[in-house]
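A.B. asks: Build the 3D model from these lines:
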Amino acid sequence: ALVAQGKRLVVRNNTAVDMGCKGFSIDGGDLTTLERGEILVENNHIERFSQWVRTYNPGLGWAGVGNTYRGNVVRDGPHTAM
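C.D. replies: The predicted structure is shown next:
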């Protein structure tokens, strides 16, 4: 699993397979002031996640504002992909 929290981060071209809980957890930006997190999550492959804890552990989870998610493949999980 990958956890990224902050501002102006890039998570690109990664492969994550066979995880017990969440795949990627991304958090950036301020919900109160709406300051952008400017996190880019792009072209990642997340597969077979949530094998131990089968609910409420998405393949790609996010929080915050002003972040970009594109071109990611999330598949083969028992519950929500995102």
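
A.B. asks: Just the strands from this structure, written as ranges.
C.D. replies: Secondary structure of the chain by DSSP state E: the strands cover 2-5, 10-12, 15-17, 24-28, 40-42, 45-47, 60-64, 68-70, 73-75.

A.B. asks: Serialize those strands to CSV and add fields for mean neighbour count and distance to Leu34.
C.D. replies: C-beta coordinates here come from the backbone N, C-alpha and C atoms, glycine included. Converted to CSV, the strands of the chain look like this (neighbours: other C-beta atoms under 10 Å; distance: least, C-beta to C-beta, whole Å):
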stretch, mean neighbour count, distance to Leu34
strand 2-5, 14, 17
strand 10-12, 14, 21
strand 15-17, 13, 30
strand 24-28, 20, 12
strand 40-42, 18, 18
strand 45-47, 19, 28
strand 60-64, 18, 10
strand 68-70, 12, 15
strand 73-75, 14, 27
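
A.B. asks: Using a markdown table, please lay out those together with mean pLDDT.
C.D. replies: Putting the strands of the chain into a markdown table (pLDDT from 0 to 100) gives the following:
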| stretch | mean pLDDT |
| --- | --- |
| strand 2-5 | 93 |
| strand 10-12 | 97 |
| strand 15-17 | 96 |
| strand 24-28 | 96 |
| strand 40-42 | 98 |
| strand 45-47 | 96 |
| strand 60-64 | 95 |
| strand 68-70 | 97 |
| strand 73-75 | 96 |
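
A.B. asks: Adding distance to Ala81, write those out as a markdown table.
C.D. replies: Shown next, in a markdown table, are those (distance: least, C-beta to C-beta, whole Å):
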| stretch | distance to Ala81 |
| --- | --- |
| strand 2-5 | 15 |
| strand 10-12 | 16 |
| strand 15-17 | 13 |
| strand 24-28 | 11 |
| strand 40-42 | 13 |
| strand 45-47 | 8 |
| strand 60-64 | 7 |
| strand 68-70 | 12 |
| strand 73-75 | 4 |
